[in-house]
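Structure for the following, please:
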Amino acid sequence: MMPGKWGTARPVRGIAALGCWALLLVVLLPVLILQSLDARFGAALAVQCVVVVHTGGALARVLTDVRARVIGFGFWLFAYVWLGLAPLAMLATDAYPRGFMVDAQSAFVTTLVVESGLLAYSAGAAVASWRSSRTSTVLEPLLARRLSPARVLLLCGLALLLAVVLIPGQGGLSAFFLSRQAANEAAAASEPAASADRAMAAWALSVPAFWALVALVHVPRFTAGDRTLRGLRWLLLPLLIAVNATVNNPISQPRFWAGTVLLALVFSASWLRGPRAFRLGAAAVAAVVLVVFPYSDYFRYDKREPVHVVSLAEQFTSNGDYDAFQQIETGVDYVRTHGFTPTAALGPPLFFVPRAAWPGKPDDAGILLARHAGYTFQNLSAPLWIETYMWAGFPSVIAVFGLIGAVGRRIDDLRHRLRRRRGTLAALLVPAFGFYQLVLLRGSLMAIVGPLALLVCIPLLITRKARRPALPPSAAPSASAPAPRAQRDALSLTTGGART
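Residues are numbered from 1 along each chain as shown. Below you'll find the predicted structure:
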């Protein structure tokens, strides 16, 4: 501990813990991967080693930070596993999970694209951290918005109504427990318009049901007592749990989305908002992603074979779930052939415009890359790195990731400042978005921007402006020192709390 401005103890990052995490992430795991391979050293592999050191060191800092950095954790976890370790194994062996191969020059440019985005993100986050003591006039009032009990109950009723109306149109309850393979085959056999409508209906079921459950658990009590709310909560809670177990299960839903639902529920709990509990939870998530995730596609196929445990290096070079780096390579080759497409940047923000009204609407980047590579299966990822590179090259990559880094760090700092307030957007939306980042970063934007809009807009609609302004930085309680009794009493009167 170090003395703070007002004589209180200020927590300091544990150097020993940081060193242990850095040793594991930067040295041991990469060496373990390379040791099991016949490595072929080259310029691209040299830059990739820099990427591994960068991402591993940044993830180690997040896992030992004195603040709970959910946004930073989601970003660096994806960057370390999908763009750090996995490409290290691919470049060392020249073996990739998909068939399209590029030359050494494209592979080298790909590593530069990845590292440029990471450097821009780090720079943006560093700038935002220097300004963390300043009050945000936009983000802080937004994240301080509190759940409205009446609006939460309306959302719960809407989620149940949507389940009753839309589940039969999706094929009934049994359709939600079919494999992803069966769902994809049914979508491929239907007309494109019907397939799009089916996908939108599925998200219209999943996202409201998810937010209804999260909000019902964390809704604050009424000022004059919450007997009525408690009764409605106990009535609605088992119904919403059953709906979410149906429409958000990991059998028929993408694992990234099912994981987002589960982790958002867990990390929105009050006991995981503190730095120490968050560090333990984040370490557990990182271990699960490295060890369990490769085998979590057991329910994806109709014909399920026994699970065969293989090395991480073999998983990275043979499992299509780790195709992010190879898709970036494909995009670099696409740009070299067709040039940049700045108009493609208009596609994601204008995703709702129908192609009938916009004949020149940009295609999904994942579909473009699949066509360029000659794949018959076009439901592929397009990581944010290559989407931004396809717009205008390195300048667009640096601009976008610098902005993401600055905003993400600012959100993490504000969530830490507001962590003692219950039922706020900081407590609920930030964990959900932090883990949904893995979907956002993996891409493609055109495929996920619709669900992302639902994920962000619904909590905005069920919250209202806080009755009192957010705490100024100087009034924010220390992470280690408890708030004075008078201040705690004032906070309890204004914010309330969820009682079950």
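
What count of nearby residues applies to the closest residue to Gly450 other than its chain neighbours?
Residue nearest to Gly450 in three dimensions, not counting chain neighbours: Phe351, with 5.9 Å by CB to CB, 6 or more residues apart in numbering. C-beta here means a position set from N, CA and C on the backbone, and glycine is covered the same way. Taking other CB atoms under 10 Å as the criterion, the count of residues near Phe351 is 18.

Now do the SS call for Phe351.
What DSSP: H, G, I helix; E, B strand; the rest coil gives for Phe351 is coil.

for this protein, which spans come out with low pLDDT?
Judged against pLDDT under 70, the low-scoring parts of the chain cover residues 1-13, 36-37, 39, 179-197, 221-226, 297-308, 467-500.

and if we set it to 50?
For the chain, applying pLDDT under 50 flags the ranges 1-8, 470-500.

How much space separates the residue nearest to Gly450 from Val449?
If you measure Phe351 against Val449 using CB to CB, to the nearest Å, the figure is 5 Å.

Spit out the residues that contact those two alike.
None of the residues lies in contact with both Phe351 and Val449 under the rule CB atoms under 8 Å, 6 or more residues apart in numbering.

mind listing what the residue nearest to Gly450 touches?
Going by CB under 8 Å, 6+ apart, Phe351 touches Met446, Val449, Gly450.

where do the strands sit along this protein?
Assigned strands in the chain, in chain order: 2-3, 9-10, 146-147, 463-464 (criterion: DSSP state E).

Looking at the contacts of Phe351, spot the one nearest Val217.
Set against Val217, the nearest of the contacts of Phe351 by CB to CB is Gly450 (25.6 Å).

What is the neighbour count of the closest one?
Quick note: Gly450 (other CB under 10 Å) scores 18 neighbours.

again with Thr424
Close neighbours of Thr424, defined as other CB under 10 Å, add up to 25.

Leu173 now?
For Leu173, the count of nearby residues is 12 (other CB under 10 Å).

again, but for the one 4 residues further on
Counted by other CB under 10 Å, the residues lying close to Phe177 total 11.

Please name the residues that touch it.
Asn249, Ile251, Ser252.

how about the residues you listed in JSON lines, adding distance to Gly434 and neighbour count?
Formatted as JSON lines, the contacts of Phe177 follow (distance: CB to CB, whole Å; neighbours: other CB atoms under 10 Å):
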{"residue": "Asn249", "distance to Gly434": "22", "neighbour count": "14"}
{"residue": "Ile251", "distance to Gly434": "24", "neighbour count": "15"}
{"residue": "Ser252", "distance to Gly434": "24", "neighbour count": "21"}
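
can I get the residues you listed in JSON lines with distance to Ala283?
Compiled in JSON lines, the contacts of Phe177 are given as follows (distance: CB to CB, whole Å):
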{"residue": "Asn249", "distance to Ala283": "26"}
{"residue": "Ile251", "distance to Ala283": "27"}
{"residue": "Ser252", "distance to Ala283": "30"}
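
Closest one to Leu88 out of the residues you listed, please.
Compare each of the contacts of Phe177 with Leu88 using CB to CB and the shortest gap goes to Ile251, at 31.9 Å.

Nearest residue to Pro349 in space, please, no chain neighbours.
Excluding the flanking residues, the one nearest Pro349 by CB to CB, 6+ apart is Val449, at 7.7 Å.

correct me, but the one you found touches Leu350?
No: the pair formed by Val449 and Leu350 falls short of the contact definition of CB atoms under 8 Å, at 9.6 Å.

So those two - more neighbours on which side?
Between Val449 and Leu350, counted using other CB under 10 Å, Val449 has the larger neighbour count: 17 against 12.
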